[in-house]
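A.B. asks: Pasting a predicted model and its sequence here:
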Amino acid sequence: MSAASATQAPFFSIITVCYNSEKTIRDTLESVAAQTVRDFEYLIIDGGSSDATLDIVRSYEDRLPKDSLTVVSEPDNGVYDAMNKGISYAKGKLVGIINSDDWYEKDTLEKVQNAYQGNRYEVIYGMLDLYNPDGTLRQTHFSRHEDLDKMMIGHPTNFVTLDAYRDLGTYNIQYRYAADQDLMLGYYLGKKVTFTPVKERLASMRLGGISDTIDAGLEADLVLYNRRVISWWELQKRKYRAVFRR
């Protein structure tokens, strides 16, 4: 499979991180293939799947823009390491990361392109539907960037300028669950990044993964402490309360 043309960079780089995702990745691929904006490259970063994941990916190549698909399949050091790897291959102006159990609306890229203000360092984000494991809708999530000290904006809806990733940093792989909140909070506190909210649904996400756990919440609290948003004493109080929720 070939990479996007080197002569002209695409407007979007879309990254999907996956590992043994044969049960869910079709929804992700369908949503990317159906985009109304076709000016994108698609980077599949696979951790060395042993199931039918890569066969399913290859079956979609003809439905994607010509020469837009790149597949990298090799062991990695976790989901955030794989995301960083995808970013290192990216050529687009805006980078979106949609994992293999999430999916876009068919006009997501169109909405993001229309919302983009043209800043060198910019994050566009929107509304995220959260689905229970049984397929029922639990809620529609929309957390503003001003509240990153309380809650992460919907990561599958995020589109980040490649310049921001290259100049201001990518995901800290020391975190297992909350590197996305750490990065976005760092961008916000650094005051160099423009955040552009889109008050429309851009993506959907299945709940029940590692990010939907008490340990993930504890790590998010650690992010807040390390970013000097909460005190050491507040961190200890949150740890104490979490013990009784297990």
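C.D. replies: Thanks, I have the structure now.
A.B. asks: domain ranges for the chain?
C.D. replies: Annotated domains of the chain cover 12-210, 213-246 [automatic domain parsing].
A.B. asks: Give me the nearest residue to Leu185, chain neighbours excluded.
C.D. replies: In space, and not counting its chain neighbours, Leu185 is closest to Leu148: 4.6 Å by CB to CB, 6 or more residues apart in numbering. For the C-beta atoms, the positions are set from N, CA and C on the backbone; glycine is no exception.
A.B. asks: those strands in the chain, which residues are they?
C.D. replies: Here the chain has its strands, by DSSP state E, at 12-18, 40-46, 69-73, 94-97, 102-104, 122-131, 137-141, 159-161, 194-206.
A.B. asks: Using TSV, please lay out the ones you listed together with mean neighbour count, mean pLDDT and distance to Ala52.
C.D. replies: Output for the strands of the chain, formatted as TSV (neighbours: other CB atoms under 10 Å; pLDDT from 0 to 100; distance: least, CB to CB, whole Å):
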stretch	mean neighbour count	mean pLDDT	distance to Ala52
strand 12-18	26	98	12
strand 40-46	25	98	12
strand 69-73	18	98	13
strand 94-97	24	98	23
strand 102-104	25	98	18
strand 122-131	21	97	23
strand 137-141	12	94	28
strand 159-161	25	98	29
strand 194-206	19	97	19
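A.B. asks: Next one: the residue nearest to the spatial centre of the chain from Asp46, what distance?
C.D. replies: In the chain, the residue lying closest to the centroid (CA atoms, centre = their mean) is Ile97, at 3.6 Å. Look at Ile97 and Asp46: by CB to CB, to the nearest Å, they are 14 Å apart.
A.B. asks: ok, now Lys85?
C.D. replies: For Lys85, the distance to Asp46 - CB to CB - is 10 Å.
A.B. asks: do Gly92 as well
C.D. replies: According to CB to CB, Gly92 and Asp46 sit 20 Å apart.
A.B. asks: still on that earlier bit, if I look at Lys85 and Asp46, which residues touch both of them?
C.D. replies: Residues touching both Lys85 and Asp46 by CB atoms under 8 Å, 6 or more residues apart in numbering: Val72.
A.B. asks: if we can go back for a sec, ok, and which of the domains of the chain has the densest surroundings?
C.D. replies: With neighbours defined as mean count of other CB atoms under 10 Å, those peak in mean count at domain 12-210, which reaches a mean of 19.
A.B. asks: Which of the strands of the chain sits closest to Asp62?
C.D. replies: strand 69-73 (9.8 Å; CB to CB).
A.B. asks: Which other helices and strands does the closest one contact?
C.D. replies: Contact partners of strand 69-73 among helices and strands, from 3 or more CB pairs under 8 Å, 6 or more residues apart in numbering; DSSP states H and E: strand 40-46, helix 53-58, helix 79-89.
A.B. asks: centre of the chain versus it, how much separation?
C.D. replies: Centre-to-centre, strand 69-73 and its host chain are 17 Å apart (CA atoms, centre = their mean, to the nearest Å).
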